[in-house]
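Novice: from the sequence below, what's the structure:
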Amino acid sequence: MAVADASYFDHDQQADDRRATDTSLQSERRAADELLADEGAGRAADLVRNRRAEAERRLRAVRRDVDVRLAREANVLPEVSGKLEEVADSLANAASSLGGAPDTSPETAELLGTAGRESLTRAAEELADTAADVEAKADTAPPETIAGQLADIADGMADVTSTLADERHDVDRRLQRERGVTDRIIGQELEEVKAAIADDVRAGREQLHEERHVTDHKLAEERQHTDQAVDHVVDLIGEETAQHAAAERRAATRSEILRIVSHDLRGPLMAIGGAAALIQAHAPAGESGQRIVDWTLTIRRSVAMMERLIRDLLDVGSFEDGRLRVSAQQLDIRDLIRATIDSFAPVAAAKQLSVVAELPDEPVFAHADEHRIQQVLSNLVHNAIKFTAAGGRIVLRAAPTDEGCLVSVADSGIGIPERDLTSIFERFRRLEGNDRTGLGLGLYIAQWIVDAHGGRIWAESKVGDGTTIYFTLR
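Specialist: The predicted structure is shown next:
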């Protein structure tokens, strides 16, 4: 695990981060104030605009009704006024030519009494009837009578015209009053809108102030917690640094001791193995000599096992230190398989096992390190022999593939539970309840070597039916 530098949590950096946070917070608050002011003004403008549009719509409706009525009356008034003026002129001319008449006929008086309130069309008809009556009486009635009637008719026409002017004036005043009322309503609504907007803006500012107060409080608490966490992390990093340094010292000491012990042990082991070989070579004939040979074989097997354990320990140290190197070259894997079988033939025969190879006639090439791949095959065959009962069979196979070759070591041993098919490649991993010899490093080392060659290794097994270990090379 990599150890972080404690200077990363420098307090100056914390101060800079806090100042940057404060500056950012102030900028956000100013932007919020501006946005709130703009929003209030915008809402006021929208509300005023909506109220004014509604009032104008209502005013336009009222004005439209009045204009329609005035237009209806105006369409009639010019024509009637013209006719009335023509009649008045004609009557005035007739009155001046005939002379004044002292009395007015009952028909003319009736006409003048109703002309101010009746419609202009009916007044025109009555005037026409009166004119016809005047014309009919022109020969029999005195000129003064006809002139008086015509003068009365002219006066009535003037009254009608005056009445129409008064009505138009009343309509205009009524329309002006309605417009004044509408303007006052709009003004009141605008004042209410402005007051409501001011209340909303004030409430928004109060809420924003409260939220800012809460934010400042939370920020202060978070900063306090952050300071405590940083101090705790700094303490942990310091402890981890010390522990890591101690672990490195222990690892270096362990590796050094392991190398020294391995070197010192190999000398006595070589002496023991050499002595056992001499004893075996000088053993007498007969049954007693055979027992001596058997004892020496046991000694030599034990020496070979101890040498394997020492080599495995040294290899594990090399792997963990990253010092594993492979010297790859083009090889025929069949040759390595045959050499492995020859080296394990005496051990397999002593346990009454058969170790055979099933290989194709054509070469099976791979780009590999001869010594390391021989080590992988030896570890796999050694495990197969250890977990296969007497009378069993071990088969080594190799076949070319598109990317290189596939190698397998199959046995007819006890098998491996499915849950352990991946964990058997872990360091110091041994199956429960089985042979406790060895350190459980064989498959771990084999995986390291195969990975270094760019291949992969895996196991397939069924309890009671044996195990097959596969690995690929390129």
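Novice: show me what the helix ranked longest in the chain is packed against.
Specialist: Ranked by residue count and defined by DSSP state H, the top helix of the chain is helix 143-281. Helix 143-281 makes packing contacts with helix 11-98, helix 106-114, helix 120-136, helix 287-320 when contacts are defined by 3 or more Cβ pairs under 8 Å, 6 or more residues apart in numbering; DSSP states H and E. For every residue, glycine as well, the C-beta is placed using N, CA and C.
Novice: just the mean pLDDT for it, thanks.
Specialist: On average, the pLDDT along helix 143-281 is 79.
Novice: before we move on, back to that, least confident of the helices and strands packed on helix 143-281, on average?
Specialist: For those, mean pLDDT drops lowest on helix 106-114, to a mean of 40.
Novice: separation between A357 and G391?
Specialist: From A357 over to G391 the distance is 19 Å, taken as Cβ to Cβ, to the nearest Å.
Novice: and these two? which has more neighbours close in?
Specialist: Ranked by neighbour count (other Cβ atoms under 10 Å), A357 and G391 place A357 first, with 14 against 10.
Novice: tell me the buried residues in the host helix or strand of that one?
Specialist: A357 is part of strand 354-358 when elements are defined by DSSP states H and E. Residues of strand 354-358 classed as buried by neighbour count (16 or more other Cβ atoms under 10 Å): V355.
Novice: and V356, bridged to which residues?
Specialist: When bridges are called by DSSP bridges, V356 pairs up with V395.
Novice: surely it is in contact with A384?
Specialist: No. The criterion here is Cβ atoms under 8 Å, and V356 misses it with A384 at 11.9 Å.
Novice: intersection of neighbour lists for these two?
Specialist: Common neighbours of V356 and A384 (criterion: Cβ atoms under 8 Å, 6 or more residues apart in numbering): I394.
Novice: where do the helices sit along the stretch 351-474 of the chain?
Specialist: For the stretch 351-474 of the chain, the helices defined by DSSP state H, counting those that start in this stretch cover 370-386, 442-452.
Novice: out of those, which gets nearest to L297?
Specialist: Among the helices of the stretch 351-474 of the chain, the nearest to L297 by Cβ to Cβ is helix 370-386 (15.2 Å).
Novice: so what does the closest one touch, helix or strand wise?
Specialist: Against helix 370-386 (3+ Cβ pairs under 8 Å, 6+ apart) you get strand 329-332, helix 333-350, strand 393-400, strand 405-411, helix 442-452, strand 466-473.
Novice: can you redo those as TSV with mean neighbour count?
Specialist: Below are the helices and strands packed on helix 370-386 laid out as TSV (neighbours: other Cβ atoms under 10 Å):
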stretch	mean neighbour count
strand 329-332	14
helix 333-350	17
strand 393-400	18
strand 405-411	22
helix 442-452	21
strand 466-473	22
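Novice: could you dump the ones you listed to CSV with mean pLDDT and distance to V293?
Specialist: Listed next are these as CSV, based on pLDDT from 0 to 100; distance: least, Cβ to Cβ, whole Å:
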stretch, mean pLDDT, distance to V293
strand 329-332, 94, 36
helix 333-350, 89, 12
strand 393-400, 97, 25
strand 405-411, 97, 28
helix 442-452, 89, 29
strand 466-473, 96, 32
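Novice: now those in CSV, with distance to A304?
Specialist: Shown next, in CSV, are the helices and strands packed on helix 370-386 (distance: least, Cβ to Cβ, whole Å):
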stretch, distance to A304
strand 329-332, 25
helix 333-350, 9
strand 393-400, 18
strand 405-411, 19
helix 442-452, 14
strand 466-473, 21
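Novice: separation between I279 and G273?
Specialist: Taking Cβ to Cβ, one finds I279 at 11 Å from G273.
Novice: more neighbours: those two, which one.
Specialist: Using other Cβ under 10 Å, the more surrounded residue of I279 and G273 is G273, with 18 against 15.
Novice: on that earlier part again, please identify which of the helices of the stretch 351-474 of the chain is closest to A53.
Specialist: Of all the helices of the stretch 351-474 of the chain, helix 442-452 sits nearest to A53, with 79.9 Å by Cβ to Cβ.
Novice: now render the helices of the stretch 351-474 of the chain as a markdown table, adding distance to D294.
Specialist: What follows is the helices of the stretch 351-474 of the chain, written out as a markdown table (distance: least, Cβ to Cβ, whole Å):
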| stretch | distance to D294 |
| --- | --- |
| helix 370-386 | 18 |
| helix 442-452 | 26 |
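Novice: wait, which of those is closest to A31?
Specialist: Among the helices of the stretch 351-474 of the chain, helix 442-452 sits nearest to A31 (Cβ to Cβ), with 57.2 Å.
Novice: can you give the domain ranges for the protein?
Specialist: Domain assignment of the chain by automatic domain parsing yields the ranges 25-215, 325-473.
Novice: can you report how many residues lie near P417?
Specialist: With other Cβ under 10 Å as criterion, P417 counts 13.
Novice: check contacts around it.
Specialist: When contacts are counted by Cβ under 8 Å, 6+ apart, P417 touches 461, 463.
Novice: mind redoing it with 6 Å?
Specialist: By Cβ atoms under 6 Å, 6 or more residues apart in numbering, the contact set of P417 is V463.
Novice: is D332 bridged to anything, and to what?
Specialist: With DSSP bridges as the criterion, D332 is bridged to F365.
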